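Participant: mind looking at a prediction? Sequence and model below.
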2 protein chains.
Amino acid sequence: MNKILPDINSHFAEWYQDIVYQAELADHSPVRGCMVIRPYGYALWENIRDIVDKKIKDTGHQNAAFPLFIPTSFIEKEAQHVEGFAPELAVVTHAGGKELEEPLVVRPTSETIIHYMFARWIKSYRDLPLKINQWANVVRWEMRTRPFLRTGEFYWQEGHTAHETAQEAQDEAELMWKEYVDVYQNYLAIPVVAGVKSESEKFAGADRTYTVEGLMQDGKALQMCTSHIISQNFAKAFGMAFQSREGKLEYPYLTSWGFTTRSIGAVVMTHGDQKGLILPPKIAPIQVVIVPIYKTAEQQLQVLNVANDILKDNPTIRIYIDADEQETPGAKYYKWELRGVPLRLEIGPRDIANGVVMLVDRLGNPKEAVPVSELSNALKDRLVLIQTMMFDRAKKRIEKQWHKKEKLSDFGSDLSANGGLYQTGWCRRSECEQKLKEYSATIRCIYNEHNFSVCFACDNPSPCDILIAKSY
Amino acid sequence: MNKILPDINSHFAEWYQDIVYQAELADHSPVRGCMVIRPYGYALWENIRDIVDKKIKDTGHQNAAFPLFIPTSFIEKEAQHVEGFAPELAVVTHAGGKELEEPLVVRPTSETIIHYMFARWIKSYRDLPLKINQWANVVRWEMRTRPFLRTGEFYWQEGHTAHETAQEAQDEAELMWKEYVDVYQNYLAIPVVAGVKSESEKFAGADRTYTVEGLMQDGKALQMCTSHIISQNFAKAFGMAFQSREGKLEYPYLTSWGFTTRSIGAVVMTHGDQKGLILPPKIAPIQVVIVPIYKTAEQQLQVLNVANDILKDNPTIRIYIDADEQETPGAKYYKWELRGVPLRLEIGPRDIANGVVMLVDRLGNPKEAVPVSELSNALKDRLVLIQTMMFDRAKKRIEKQWHKKEKLSDFGSDLSANGGLYQTGWCRRSECEQKLKEYSATIRCIYNEHNFSVCFACDNPSPCDILIAKSY
């Protein structure tokens, strides 16, 4: 039997750590900050990854692979980039029994090495657009780590593209940003807050960063993924000149965009409850768990036969029969609730006699006796319903945590004490942005609405709204 | 237009390097020994990977992920293991701006870190068997590298399992070995030579290594993948004791097995010819390329309409329409032959008038006019036929290169000059094995036949045959 989880309302951070380990998504690692992702967590990641990979391919990108190691001189070629990443780098100084002449950085992101290759591949406008993606592990040596949310090594895809015009690059960065929004909302059932990062929060080396953020149950925002228009400085630093349609030498316009294992943390913190995880059906490794109930060996055989028939009749549904003979049905209910399986079927001899199975969902809807003949449709319908209910439930919760306020002096203490998302105005000056520090908050994004005409901190005008929150 | 390839018969090594780059499987990398795998090469790897991944899951293994970095102390826990890998390690000494207290090794293989976790997870016989797989990049700092065949960083899956009994571990190692043979023979169309490694050639830390080898066109063997029964020393070194059915403390029996991007090199070197790659249909990123032939804009439209209909009518076949307006049909034939696409369809106005398309395969079978109404079946049948022909062709070639000889004194100079596989007897003594060094050859495996009663180098008896070759 697992330990009882910490109270989700009063001890959210502890609840998070405990559920990640108890549900066997991940385990404590002997290497500081590097994750051990267990099979249940990895199956969840594979389902998410397959959705993202399909979208990347359907939008005309091709997967490739680039070296894990990046020469130090590459990282140093773009000034903002090296400034942003230098404090987090892991460095290989020795290899093959010798000290290396030039130390190698373990990639924190791959702009520099991919741009080096782009410069080899892009000679003419006919080589554009170039649209490449890589699934990879990257390393950023962080001081404080938490499984999935902030780790020394994490897994992601990083898309890198080059275009003839600034407009095409902007369209590309916005397209992938919107694809990410679709993944979060329509597959992970997480309502998003999407906008543009302020100068101080954007990617080291980007002209513009589009962000997809979520608001977790504790009122803190989580940056869930980003899409960047990359500075042409990179193209210049790596000599990426190409011959334009007009026969002139020009530099391409670049984008990059990434989606990481942090998404698993977002799922846990958006949907979980006091009983444990709740996984959206579209990504749940197990969508339906069958718990057989019996007393005699004869009943066991009969019940397992029915369970196996259900498995065979529904090849498109991810069904697991928990046939463990050592655990009680009650222990199994507890275990699979903890692991967030959306649907449970209980099958006992009396149910079989009545031609039904008992359908129980993870959201607490009333238990239902479903005739076996109607089960396939009932399962499909209920999985769709749960997916929708999860999104709606999260959306309602976030609407409650979303406040519109004019002045920091009015909302600062509430924000600091209780979290939540604050929509307000901003003059775009860094000195006003800095005032959020004392409330442990940041501008999460510039938001495409214009309700506030004046800055939250001064009396200067605000060109459009922003969203402020504490964050992970 | 691409450069002409070096002569495949007289300059096989140069031919190999050139075709890998010209066919855009990989590119030269700015990081010594680390690969840049280009989209065409990566798509090939994805197809191979998906076949292997499905087999791994179908045989009851679960994917997971373990840290890239391994503490130096872990690697040092098993004596043979550290001795085998120490010369090839890449070491992170600095991270986050500081020198690390304990340097971290970039994993050359993950036995040690996975066994550390196994020790946490295995408490009782009820936790066994434990069957885990990881898809990962690993780093072995090699002196001489060649794309796909021997690289500083490569990609692989590494399976790691733990079992109650020695018999179960042996069954597991043999099962995965046979699955690998199936992948090579029935998907990559590569006839294999499968056997057991000698003491000197087995994996550092294994009790027994099963190997799958191929014989390349130049007569050199390539170790294509291996499956190991791992020494119980690992289980002991990591404190992996569990409570047995009898209530005693016992150590589990371990296996590991891996399949790498080297498989791409095996495909290139087994099937390629003077025109370039030849890819087996089951793994080819493009199975059928359509080359439209036209003179007028009207013809172009008409031909592309037919091409698009073919694409739509055959969703299960990987078809690419090369609609590039800048290249001639002849240049396209050359390009896709170089890249090894198994089938080409040529469609011109006269073909359309006759209700046919021209079908050309990469093996040189006669060009055929196929009625459009019969095309779907013709494509499917021809892809199956090519797959079979490729295996048969490679098998015949290998049979010619496979010699049975009694004494090294008789075959040593032929082996040294021309390569090839030599089946013979061996007394199992290291001093006889060492004599192969002067012929630049090694024992590739102990082979499950018994044709020779005496050792190739001395007069002692041979318990069963072995296979000798030069190798990559």
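Facilitator: Okay, I see it. The structure displayed is predicted, hence computed values, not measured ones.
Participant: in the stretch 101-250 of chain A, which spans are strands?
Facilitator: A:130-139, A:153-163, A:193-196, A:206-215, A:221-230, A:242-243, A:249-250 (DSSP state E, counting those that start in this stretch).
Participant: enumerate the residues of the stretch 251-400 of chain A near chain B.
Facilitator: By the rule C-beta under 8 Å from any C-beta of the partner chain, the part of the stretch 251-400 of chain A lying against chain B is residue A:326. For glycine as for every other residue, the C-beta is placed from the backbone atoms N, C-alpha and C.
Participant: of all of the stretch 251-400 of chain A, which residue lies closest to chain B?
Facilitator: With C-beta to the nearest C-beta, the shortest gap between the stretch 251-400 of chain A and chain B falls at residue A:326, namely 7.3 Å.
Participant: next one, pLDDT for that residue please.
Facilitator: Note on residue A:326: pLDDT of 92.
Participant: so what's it up against?
Facilitator: Applying C-beta atoms under 8 Å, 6 or more residues apart in numbering or on different chains, we find residue A:326 in contact with residue B:126.
Participant: on that earlier part again, the strands of the stretch 101-250 of chain A: which one's closest to residue B:115?
Facilitator: Residue B:115 lies closest to strand A:153-163 among the strands of the stretch 101-250 of chain A, at 19.1 Å (C-beta to C-beta).
Participant: pLDDT at residue A:352, what is it?
Facilitator: Note on residue A:352: pLDDT of 95.
Participant: just residue A:339 next, same as before
Facilitator: In this model, residue A:339 is scored at 98, pLDDT.
Participant: what of the one 4 residues further on?
Facilitator: Confidence at residue A:343, expressed as pLDDT, is 98.
Participant: wait, it touches residue A:384, no?
Facilitator: No: judged on C-beta atoms under 8 Å, residue A:343 makes no contact with residue A:384 at a distance of 11.4 Å.
Participant: tally of neighbours for the residue of the stretch 101-250 of chain A found nearest chain B?
Facilitator: Using C-beta to the nearest C-beta, the closest approach of the stretch 101-250 of chain A to chain B is made by residue A:141 at 3.6 Å. Per other C-beta atoms under 10 Å in any protein chain shown, the neighbour tally for residue A:141 reads 23.
Participant: assign the residue of the stretch 251-400 of chain A closest to chain B to helix, strand or coil.
Facilitator: Following DSSP: H, G, I helix; E, B strand; the rest coil, residue A:326 is assigned to coil.
Participant: skipping adjacent residues, who's closest to the residue of the stretch 101-250 of chain A closest to chain B in space?
Facilitator: The shortest distance from residue A:141 to any residue other than its chain neighbours is 3.6 Å, reached at residue B:96 (C-beta to C-beta, 6 or more residues apart in numbering or on different chains).
Participant: model confidence score at that neighbour, please.
Facilitator: For residue B:96, pLDDT reads 92.
Participant: what's around it, how many residues?
Facilitator: For residue B:96, using other C-beta under 10 Å, the count is 18.
Participant: of all the strands of the stretch 101-250 of chain A, which one is nearest residue A:292?
Facilitator: Ranking those by proximity to residue A:292 (C-beta to C-beta) places strand A:153-163 first, at 36.0 Å.
Participant: now the closest one against strand A:221-230, angle please.
Facilitator: Here the directions of strand A:153-163 and strand A:221-230 differ by 30 degrees (axes from the mean of the first three to the mean of the last three C-alpha atoms, to 10 degrees).
Participant: which other helices and strands contact strand A:153-163?
Facilitator: helix A:39-58, helix A:111-121, strand A:130-139, helix A:166-186, strand A:253-260 (3 or more C-beta pairs under 8 Å, 6 or more residues apart in numbering or on different chains; DSSP states H and E).
Participant: what are the buried residues along stretch A:74-83?
Facilitator: A:74, A:75, A:77, A:78, A:81, A:82 (16 or more other C-beta atoms under 10 Å in any protein chain shown).
Participant: need the contact partners of it.
Facilitator: With C-beta under 8 Å, 6+ apart, stretch A:74-83 has contacts from A:85-86, A:89, A:105, A:111-113, A:116, A:204-205, A:231, A:233-234, A:237-238, B:30.
Participant: and what of stretch A:378-387?
Facilitator: Stretch A:378-387 has contacts (C-beta under 8 Å, 6+ apart) with A:189, A:280-282, A:287-288, A:314, A:317, A:342-343, A:359, A:361-363, A:368, A:370.
Participant: pull the CA atoms of it into PDB?
Facilitator: Written as PDB, here are the backbone C-alpha positions of stretch A:378-387 (Å, rounded to 0.1, in the frame of the first residue of the first chain):
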ATOM      1  CA  ALA A 378     -19.900   3.400 -23.800                       C
ATOM      2  CA  LEU A 379     -16.100   3.200 -23.300                       C
ATOM      3  CA  LYS A 380     -15.400   5.400 -26.400                       C
ATOM      4  CA  ASP A 381     -18.100   7.900 -25.400                       C
ATOM      5  CA  ARG A 382     -17.000   8.100 -21.800                       C
ATOM      6  CA  LEU A 383     -13.300   8.600 -22.800                       C
ATOM      7  CA  VAL A 384     -14.300  11.600 -25.000                       C
ATOM      8  CA  LEU A 385     -16.500  12.900 -22.200                       C
ATOM      9  CA  ILE A 386     -13.700  12.700 -19.600                       C
ATOM     10  CA  GLN A 387     -11.300  14.500 -22.000                       C
END
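Participant: average pLDDT for it?
Facilitator: For stretch A:378-387, mean pLDDT is 98.
Participant: quick one: that stretch to chain centroid distance?
Facilitator: 23 Å (C-alpha atoms, centre = their mean, to the nearest Å).
Participant: again, but for stretch A:21-29
Facilitator: How far stretch A:21-29 lies from its chain's middle: 18 Å, per C-alpha atoms, centre = their mean.
Participant: pick out whichever of residue A:343 and residue A:384 has more residues nearby.
Facilitator: Taking neighbours as other C-beta under 10 Å, residue A:343 and residue A:384 compare with residue A:343 leading, 24 against 12.
Participant: beta partners of the more buried one?
Facilitator: Judged by DSSP bridges, the bridge partners of residue A:343 are residue A:288, residue A:361.
Participant: quick one: it from residue A:285, how far?
Facilitator: Look at residue A:343 and residue A:285: by C-beta to C-beta, to the nearest Å, they are 13 Å apart.
Participant: and what of residue A:314?
Facilitator: 16 Å.
Participant: out of the two, which sits in the busier spot?
Facilitator: Ranked by neighbour count (other C-beta under 10 Å), residue A:314 and residue A:285 place residue A:285 first, with 20 against 16.
Participant: checking that one next. Helix, strand or coil?
Facilitator: Put simply, residue A:285 is coil when judged by three-state DSSP.
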